[in-house]
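Asker: give me coordinates for this.
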Amino acid sequence: MSLPKEDRVQQLIAICVKNDKTPKKVGFADFIYGVSAVRFLLSHKTVKEYIRVLVDAWRQDNWKHLVKSNDYLSREEKETWLTKL
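Answerer: Prediction:
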């Protein structure tokens, strides 16, 4: 079983993929704040940490490694995301 933070990151990645949101798009941080407030009831400070993790992972490989291993995404969603990058 994954840790809660790792699981939340996986869920946020899946939500971003499904909504075509990336750190390169305007409003990304606001989107993450909104999702995190509704879905996880996280504090502003904690959400900032998640945003930093998501941005750092994006800079590394555009979330490819996180998408490939994401249980919250279907095979089709993964393939679509990986081929469009």
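
Asker: okay, CA-based contacts and neighbour counts for the rest of this
Answerer: OK.

Asker: so what does the helix ranked longest in the chain touch, helix or strand wise?
Answerer: Ranked by residue count under DSSP state H, the longest helix found in the chain is helix 44-61. Helix 44-61 sits against helix 4-18, helix 28-39, with contacts defined as 3 or more C-alpha pairs under 8 Å, 6 or more residues apart in numbering; DSSP states H and E.

Asker: can you list contacts of the longest one?
Answerer: The reference is to helix 4-18. 22, 32, 35, 50, 54, 63, 66-67, 70-73, 77, 81 (C-alpha atoms under 8 Å, 6 or more residues apart in numbering).

Asker: ok, now stretch 63-80?
Answerer: 10-11, 13-14, 17-18, 57, 81-82.

Asker: and the contacts of helix 4-18, which of them are buried?
Answerer: Using 16 or more other C-alpha atoms under 10 Å as the burial test, the contacts of helix 4-18 include 22, 32, 35, 50, 54, 63, 66-67, 70, 72-73, 81 as buried.

Asker: okay, these in CSV with distance to Leu41 and pLDDT next?
Answerer: Listed next are the buried ones among the contacts of helix 4-18 as CSV, based on distance: C-alpha to C-alpha, whole Å; pLDDT from 0 to 100:
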residue, distance to Leu41, pLDDT
Thr22, 22, 95
Ile32, 12, 97
Val35, 9, 94
Tyr50, 13, 96
Leu54, 18, 97
Trp63, 24, 95
Leu66, 23, 95
Val67, 24, 96
Asn70, 22, 96
Tyr72, 19, 97
Leu73, 22, 97
Trp81, 28, 92
